[in-house]
Structure formats: C-alpha cells, structure tokens
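Student: Sequence and predicted structure are below.
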Amino acid sequence: MSDTCAIHSIYRATEGEGLFIGTPQIFVRFQGCNIGCVNCDSKDTWEFNDKSWPLSQVIEEIYSQSGHYPHQLKRVSLTGGDPLHPKIAPGTLSLARVLKKEGFFISIEAAGTRVINELFDVVDFINFDLKTPSTGVRTPLSLIEKMYEQYPNRFQVKAVIADKRDFDYAFEAYKSVQSKQETLLTNWCLTPCYEKDEKFPKERFLEIINLNEQHGGAFRVIGQQHKWLHGPNETNV
C-alpha cells in the first residue's frame, strides 16, 4: 500500500483502441517504465523520478475531470508508463481500491510482462498486451493462459501489428492459447500501428484485415481512434 502515486498526467479523453473504443473516460497515466518497446508512443513516461502525487491529490484531480453530479464520468483507465512496475504498483493498488469504493469502473493497461493478482482482483477490466516482434519485447504465453484461468470474462488481449511477421506471430500465439481452451476465444484485438508522422496507415490496415480474413477471422482488427482524430504525435488525447 502507498499514499502516493508516480503520476505523469491525468486527463479526460475517449478510449482510442480495443473493445471499449469510443468510450469516454479519465486516464491516469503513471510515470516510469523499463519494458522498452521499440515502437512505444509515450516514451516520455519511461523515466523514473521522485515527483509523486499524494493519493488525495490524484483523487481530487480525477473528480475535477469527472464533471458534475448526476452526470459524472465514472470510468477510469490506469495506464502508463507501467502501472504494474514493482516501484509503481503499490500506488496503483491504493488508487484502485479508493476508486472502487467510490463506484468507478476501472480498467488497467497491462504490458503483458506480469500478472498481479491483488491488483487484478480489484479492477473491472484488464487490457493485456501480447508483445509482437516489432516491439522488441516478448509476452510469455503462460501469462495469457493464466489470465484465462483467473479472469476469463474481464480482459482482452491486444497486439500492435506492424507487418505480416507481427500478424503471423500473433496468430501462432492465438492458436497455442486456443488449443488449451474449451471455448472459442473472441477477445483478441489487433491494432495496426501508426508510424510517427504517418497520416493514416491505410495499406497496413487493409493488409491486416485481409490477413485476418484469410486466417478465419480469429481477431477483431481495431484502429486507434485518437490518432485518426489528432494525428500520431499528439499526446493526452
């Protein structure tokens, strides 16, 4: 437990990707990450520093962003950085527990490198990454299998796809996990990546859609809405 949180920013925006795309929520972006994805679009959150916010200040800012009763926005996304890093997770857990008591719907961005039962038991939804070759990071498939054992109806698997190699990797991972499940997996999402300064990755998007159709439609192909609207370089949107 912790009475402080390593915060980068807190802002109101619409979910730009995955199963909840288009849903307005308050993003709590944590500061600090050592995962090192090559294609990360928020590298300004990587550095660990000592500028922590008191938990009370975090809650106050969330309520400031949530609007006025009775039409308050009661959805919060915990993101980063890496909200699950051992240095950050105690603050993440403290915040999640307070938000739960206050009646917020809490989702969390999990990088696919660890499962924290104590925290995942509190939140309402988990966005669990499958790291593809273009990221330079690997997700142990045993962790995704663990998610199906412990949180079968409360998570999605998300993978950023840059090319056919990434797609093939994601499909083989899907087949491996599917072979150990009794029901059809329908919660895997592919996100066509945006290169920096790229206006819209139309050809990449169409290629991934076509590959998905050729492989039986295992995935939902969902683009990044916030980048369509604001471009790939804008932050906190």
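Tutor: It's in. Please read all numbers here as calculations on a predicted model, not as lab measurements.
Student: I'd like to know how many residues surround Arg154.
Tutor: Residue neighbour count, defined by other CB atoms under 10 Å, stands at 15 for Arg154. Every C-beta, even on glycine, is put in place using the N, C-alpha and C of the backbone.
Student: so it sits right up against Val122, yeah?
Tutor: No. Here Arg154 does not reach Val122: they are 11.1 Å apart, not a contact under CB atoms under 8 Å.
Student: okay, and the common contacts of these two?
Tutor: Residues touching both Arg154 and Val122 (CB atoms under 8 Å, 6 or more residues apart in numbering): there are none.
Student: that's a helix at Val177, yeah?
Tutor: Yes. Applying DSSP: H, G, I helix; E, B strand; the rest coil, one finds Val177 inside a helix.
Student: Tell me where this protein has strands.
Tutor: 4-14, 24-30, 52-54, 75-79, 105-110, 125-129, 155-161, 188-192, 220-221 (DSSP state E).
Student: Lys43 is nearest to which of these?
Tutor: strand 4-14 (11.4 Å; CB to CB).
Student: Throw the strands of the chain into CSV and include distance to Glu182, thanks.
Tutor: Below are the strands of the chain laid out as CSV (distance: least, CB to CB, whole Å):
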stretch, distance to Glu182
strand 4-14, 35
strand 24-30, 33
strand 52-54, 44
strand 75-79, 31
strand 105-110, 24
strand 125-129, 20
strand 155-161, 17
strand 188-192, 16
strand 220-221, 21
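Student: what residue is smack in the middle of the chain?
Tutor: Centroid-nearest residue in the chain: Glu109, 3.2 Å away (criterion: CA atoms, centre = their mean).
Student: give the contact list for it.
Tutor: 77-80, 83, 127, 129.
Student: what's the answer for Ile10, then?
Tutor: 26-29, 58, 61-62, 65.
Student: Ok, Asp3 next?
Tutor: 54-55, 94.
Student: PyMOL command to pick out the buried ones of these?
Tutor: This is the PyMOL syntax for the buried subset of the contacts of Asp3, where burial follows 16 or more other CB atoms under 10 Å:
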select buried, resi 55+94
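Student: Distance to Arg12 and pLDDT added to the contacts of Asp3, as CSV?
Tutor: CSV is the format used below for those (distance: CB to CB, whole Å; pLDDT from 0 to 100):
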residue, distance to Arg12, pLDDT
Pro54, 21, 97
Leu55, 20, 97
Ser94, 22, 97
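Student: Could you measure from the closest residue to Leu185 other than its chain neighbours over to Trp188?
Tutor: Ranked by CB to CB, 6 or more residues apart in numbering and with sequence neighbours excluded, the top spatial neighbour of Leu185 is Gln178, at 5.3 Å. Remark: distance between Gln178 and Trp188 (CB to CB, to the nearest Å) = 9 Å.
Student: repeat for Arg97
Tutor: 29 Å.
Student: So between the two, which is more surrounded?
Tutor: Trp188 (21 against 16).
Student: so what's the more buried one up against?
Tutor: 130, 156-159, 170, 174, 218-220 are the contacts of Trp188 under CB under 8 Å, 6+ apart.
Student: Name the nearest of those residues relative to Trp46.
Tutor: The closest of the contacts of Trp188 to Trp46 turns out to be Lys158 (CB to CB; 19.7 Å).
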